[in-house]
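Enquirer: Here is the input, now give the coordinates:
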Amino acid sequence: MADKVKSIFKAIDTFFEKIGRVVSLLIFVIMIITTVEVVSRYVFNYPTMWVWPINKQLFGLFILFAGIYTMHKDDHIRVEIIYDLFSPRTRSIARYIALACFIIFMIALIIQGSRMGWNAWAAKETLSGAFRFPVYPLKILIPVAAFLFLLEGIVVFSRKNNKDN
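Expert: Residues are numbered from 1 along each chain as shown. Below you'll find the predicted structure:
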């Protein structure tokens, strides 16, 4: 059974490694689109109406998955100056409290994000203004990303727990 769990955890880690690399390329897309807007606006005096709404959507997508990838790489910021003062037992308790808070937050995000995503999907929500770009696909991704974040959090917690034991 333990080997099966390890292989599932390894598959999850591999998945997030690949997703993280793909999603990281969105920054280059955002930079190119922004450059197009700047050149269009200041060189040709012809601003676009689609760049900023598209960039906000792409950045939202980037943020959804960047947090998961950061957790996968164990690069989230911690207040280690305080944590390092704890005894091993207190560190373990702190990790469990952090895991409980993380799980509660992710479950709330999954539930609320699902409601918001469903409502946006049902209404086929679009941006207001002249450029009526659909926003419901991004809103549907919020609970999906929260669920994936929850999975990766459990994998990372398990991995750290096994190192400590």
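Enquirer: show me what contacts the closest residue to Ala130 other than its chain neighbours?
Expert: Of all residues not flanking Ala130 in the chain, Met49 sits nearest, at 5.2 Å (Cβ to Cβ, 6 or more residues apart in numbering). Where C-beta positions appear, they are placed from N, C-alpha and C, glycine not excepted. By Cβ atoms under 8 Å, 6 or more residues apart in numbering, Met49 lies in contact with Gly129, Ala130, Phe131.
Enquirer: could you dump these to CSV with distance to Ala2 and neighbour count?
Expert: CSV is the format used below for the contacts of Met49 (distance: Cβ to Cβ, whole Å; neighbours: other Cβ atoms under 10 Å):
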residue, distance to Ala2, neighbour count
Gly129, 54, 10
Ala130, 57, 8
Phe131, 53, 14
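Enquirer: Among those, which one sits closest to Ser24?
Expert: Using Cβ to Cβ, Phe131 comes nearest to Ser24 of these, at 26.3 Å.
Enquirer: Tell me if the closest one really is in a helix.
Expert: No. Counting by DSSP: H, G, I helix; E, B strand; the rest coil, Phe131 falls outside a helix, being coil.
Enquirer: quick one: contacts for it?
Expert: Applying Cβ under 8 Å, 6+ apart to Phe131 gives the contacts Met49, Trp50, Pro53.
Enquirer: I'm done for today, thanks for sticking with me.
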